[in-house]
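**Q** Next come a sequence and a model predicted from it.
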Amino acid sequence: MPKPVPPNADVSGMVNNLRKTVKVRSKNTVTFHTIAGNTDMPKEHLAENIDTIVKRIEGVLERGRQNIGSVYIKTTMGPAIKIL
């Protein structure tokens with residue numbers, strides 16, 4: 001949803017906040033797709049990002065963790081690996 005911005009407003013705060021966001025999408029399926037990082041990141045940082053995404057999704061869902069059947073991670077051209 002667009003947010004109106006006054007003509008003389010400083011948008012640098014909004015830009016910085018948007019740079020730190022991740023989009024999680026689900027159209028007509030029960031599957032979510034999102035980016036958690038890249039192959040250049042340390043494994044600990046990638047694991048932290050995945051944990052943050054899963055916790056956020058659990059917080060939004062009505063039954064929390066019980067609504068999540070499984071979690072997979074994969075690189076662009078690699079095979080999917082089940083982690084939950």
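**A** Now that the structure is in, tell me what you want to look at.

**Q** average pLDDT for the longest helix seen in the chain?
**A** The residue-count maximum for a helix in the chain (DSSP state H) belongs to helix 43-60. Taken as a whole, helix 43-60 carries a mean pLDDT of 89.

**Q** for stretch 71-83, how far is the first residue from the last?
**A** End-to-end distance for stretch 71-83: 6 Å, by C-alpha to C-alpha, to the nearest Å.

**Q** any idea how far it is from the chain center?
**A** The chain centroid and the centroid of stretch 71-83 are separated by 15 Å, computed with C-alpha atoms, centre = their mean, to the nearest Å.

**Q** what sits against residue 50?
**A** Residue 50 sits next to 36, 71, 73, 83 when contact means C-beta atoms under 8 Å, 6 or more residues apart in numbering. Where C-beta positions appear, they are placed from N, C-alpha and C, glycine not excepted.

**Q** Distance-wise, check it relative to residue 22.
**A** Separation of residue 50 from residue 22 (C-beta to C-beta, to the nearest Å) stands at 11 Å.

**Q** Fine by me, we can end here.
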